[in-house]
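> Requesting a structural model of the entry that follows:
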Amino acid sequence: MLKKFVVVVICLGLIVFSGAFVMAEQIDAVELQSDATRMSYIYSASSALSISSNGNADIDVRVRGYSDITTQIKITARLQQKYLGRWVTIETFSDTTYGYIANLDETTNVSDSASYRVKATVTAYSGSSSETQTVYSSVVWH
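Numbering: from 1, shown residues only. As a prediction, this is how the structure comes out:
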């Protein structure tokens, strides 16, 4: 009986400790991924789309750079419709802001029953250097 108890305790110990090592490796992978995606001139960027029942599509793109580094931000937002399995741009909006915070807010109308999204390409500058990031809104059905 004592032998079985010792074997069970050893097996449970191995399971618990191996799980801790796997968990540590997963945490390290997440930390490495966040370090790899950190950008030099863009602190955050987001894109959102909402469509009302009457077809008014509100496009909202927000970009924040670094106050002491980012000097200019250019936003190009493409309203896209899914057509025959592909995303097709149906309207494009652009804005350039001198500074480290930029917002693009646009409203347009959509009429077809389809899936829509916003694909926003943001470019942040520091002097003559730049970096670009593309962000997508959630897909909205109308």
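
> list the buried ones in stretch 40-49?
Burial within stretch 40-49, assessed by neighbour count using 16 or more other Cβ atoms under 10 Å, is assigned to 41, 42, 43, 45, 47, 48, 49. All C-beta spots, glycine's among them, are computed from the backbone N, C-alpha and C.

> how close does the second one get to residue 71?
From residue 42 across to residue 71, the span is 12 Å (Cβ to Cβ, to the nearest Å).

> For residue 49, which non-adjacent residue is closest in space?
The shortest distance from residue 49 to any residue other than its chain neighbours is 4.1 Å, reached at residue 137 (Cβ to Cβ, 6 or more residues apart in numbering).

> Give me the pLDDT for that neighbour.
According to the prediction, residue 137 has pLDDT 97.

> Let me see the contact set for it.
If you count contacts by Cβ atoms under 8 Å, 6 or more residues apart in numbering, residue 137 has them with 47, 48, 49, 59, 117, 118, 120.

> So what touches stretch 122-133?
Contacts of stretch 122-133 (Cβ under 8 Å, 6+ apart): 39-42, 45, 61, 63, 65, 69-76, 102, 121, 134-135.

> can we see that at 6 Å?
Here stretch 122-133 makes contact (Cβ atoms under 6 Å, 6 or more residues apart in numbering) with 39-42, 45, 63, 65, 69-75.

> Quick one: end-to-end length of it, please.
Stretch 122-133 stretches 5 Å from its first residue to its last (Cα to Cα, to the nearest Å).

> For it, which residues meet the burial criterion?
So for stretch 122-133, counting by 16+ other Cβ under 10 Å, buried means 122, 123, 124, 125, 126, 130, 133.

> Relative to residue 123, how far out is residue 51?
From residue 51 to residue 123 the distance is 27 Å (Cβ to Cβ).

> how far is stretch 60-67 from where the chain is centred?
In terms of Cα atoms, centre = their mean, to the nearest Å, the centre of stretch 60-67 is set 13 Å apart from its chain centre.

> got it, and stretch 48-65?
For stretch 48-65 - counting by Cα atoms, centre = their mean - the centre lies 15 Å from the chain centre.
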